[in-house]
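# Let's see this in three dimensions:
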Amino acid sequence: MKEIEIVGGWRPLFVLFGSSIVQQSYGNQGWGAVLTDLYARKADILLRGYSSWNSRRAVEVLDKLFPKGAERQPSLVIVYFGGNDSIHPHPSGMGPHVPLPEYTDNMRKIASHLKSLSDKTRVIFLSSPPVNEDKIRATWSSKLAPVERTNESCRIYSEACIEVCREMEVECIDLWSALQSRDDWLTACFTDGIHLSAEGSKIVAKEILRILREADWKPSLHWTTLPTEFGEDSPYDLVSADGKKTVNVAEASMYRNLKWEMSNDY
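Residues are numbered from 1 along each chain as shown. Now for the predicted structure:
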């Protein structure tokens, strides 16, 4: 990977690109926040999430958000579109619905564009997660026209995303299946029937980090393999309990990493 010099040192760039599942990933102990915490002083993580967007709008801004001529290209892009596309068409013709053939074509375009940015740009797609239909109706019925967002339509678009990724040789996380692996997924994984709770986000973070750990990418992008910026020992580090040496806590990892290693979550 060609390193790009930036203020403060050398770090790979990760971009989170998608709709509200991405935009809200820093709140409520979200999966974006988990990644940012783990990769502190290891990678720069940019949030490019746009609530209510579909794959059609994503394709329209690809060149603006990911220009091919940019000096600094991302090492990793995590992409999520599909849930809004899968909403049934509104009689008015308005709304986010994108027909399945167009959705698959859009996802191919996104994958192709991102893969072309550099020979070291890696891509992970997240497929459409399931939904709690009853909770959607209870939460949104007084605010919006009836939203026909069903678990079955999410399954269809999830499978289409997985197939595109298989065809394009892009890593994909089957969120529709991953979240439903919990027996209590209907009540535990959502805040409003659509968006993820802390427990739902924990599943997403685990799946992303599993791919980053297992992928045969050189260099590896898993957080445990990346160097910590300015992680060298220093006489200015904190002094140990015996008063005879300093203790390097450069990553806060002395505490944070220990916690995750003990829980074996990530």
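
# Number of residues surrounding residue 112?
As a burial measure, residue 112 scores 13 neighbours (other CB atoms under 10 Å). Every residue, glycine included, has its C-beta placed from N, CA and C.

# again with residue 27
Neighbours of residue 27 (other CB under 10 Å): 14.

# From residue 40, how far off is the closest residue to it other than its chain neighbours?
Once flanking residues are discounted, residue 27 sits nearest to residue 33: 7.5 Å by CB to CB, 6 or more residues apart in numbering. Noted for residue 33: a distance of 11 Å to residue 40, by CB to CB, to the nearest Å.

# where in this protein is pLDDT low?
1-9, 140-147, 251-266 (pLDDT under 70).

# Give me the phi and psi angles of the spatially most central residue of it.
With distances taken as CA atoms, centre = their mean, the chain has residue 78 as the residue nearest its mean C-alpha position (4.7 Å). With angles defined as degrees, to the nearest 10, residue 78 sits at phi -110, psi 120.

# what's across from it in the sheet?
When bridges are called by DSSP bridges, residue 78 pairs up with residue 16, residue 124.

# contacting residues for it?
14, 15, 16, 17, 18, 22, 123, 124, 125, 126, 208 (CB atoms under 8 Å, 6 or more residues apart in numbering).

# Using CSV, lay out those residues together with distance to residue 153 and neighbour count.
Listed next are the contacts of residue 78 as CSV, based on distance: CB to CB, whole Å; neighbours: other CB atoms under 10 Å:
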residue, distance to residue 153, neighbour count
14, 30, 24
15, 27, 21
16, 24, 26
17, 22, 25
18, 18, 26
22, 20, 25
123, 24, 23
124, 23, 22
125, 18, 26
126, 17, 26
208, 24, 22
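
# just these now: which is nearest residue 165?
Each of the contacts of residue 78 was scored against residue 165 by CB to CB, and residue 125 proved nearest at 5.2 Å.

# Residue 246 touches residue 232, doesn't it?
No - because the distance of 11.6 Å does not satisfy CB atoms under 8 Å, residue 246 is recorded as not touching residue 232.

# between those two, which one's more packed in?
A direct count of neighbours by other CB under 10 Å for residue 246 and residue 232 places residue 246 higher, at 13 against 8.

# Leaving out sequence neighbours, find the closest residue to residue 149.
residue 87 (4.8 Å).

# State the number of residues packed around the one you found.
Residue 87 has 19 neighbouring residues, counting by other CB under 10 Å.

# Surely it and residue 94 touch.
No - with contact defined as CB under 8 Å, residue 87 does not count as touching residue 94 (11.2 Å).

# and the helix or strand that contains residue 207, how far from the chain's centre?
Element membership for residue 207, per DSSP states H and E: helix 198-214. Relative to its chain's centre, helix 198-214 lies at 9 Å (CA atoms, centre = their mean, to the nearest Å).

# Determine the set of other helices and strands touching it.
With contacts taken as 3 or more CB pairs under 8 Å, 6 or more residues apart in numbering; DSSP states H and E, helix 198-214 sits against helix 31-38, strand 122-126, strand 171-173, helix 175-179.

# Save these as a markdown table, and put in distance to residue 65 too.
Conversion of the helices and strands packed on helix 198-214 to a markdown table gives the following (distance: least, CB to CB, whole Å):
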| stretch | distance to residue 65 |
| --- | --- |
| helix 31-38 | 16 |
| strand 122-126 | 14 |
| strand 171-173 | 20 |
| helix 175-179 | 22 |
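
# Just name the most buried of the ones you listed.
strand 122-126 (a mean of 24; mean count of other CB atoms under 10 Å).

# and the angle for that strand with helix 198-214?
If you take axes from the mean of the first three to the mean of the last three CA atoms, to 10 degrees, strand 122-126 sits at 150 degrees to helix 198-214.

# related to what we said a few turns ago, in the helix holding residue 207, which residues have enough neighbours to count as buried?
Using 16 or more other CB atoms under 10 Å as the test for burial, helix 198-214 gives 198-205, 207-209, 211-212.

# Same check on stretch 50-66?
Within stretch 50-66, the residues that qualify as buried are 50, 53, 54, 55, 56, 57, 58, 59, 62, 66, counting by 16+ other CB under 10 Å.
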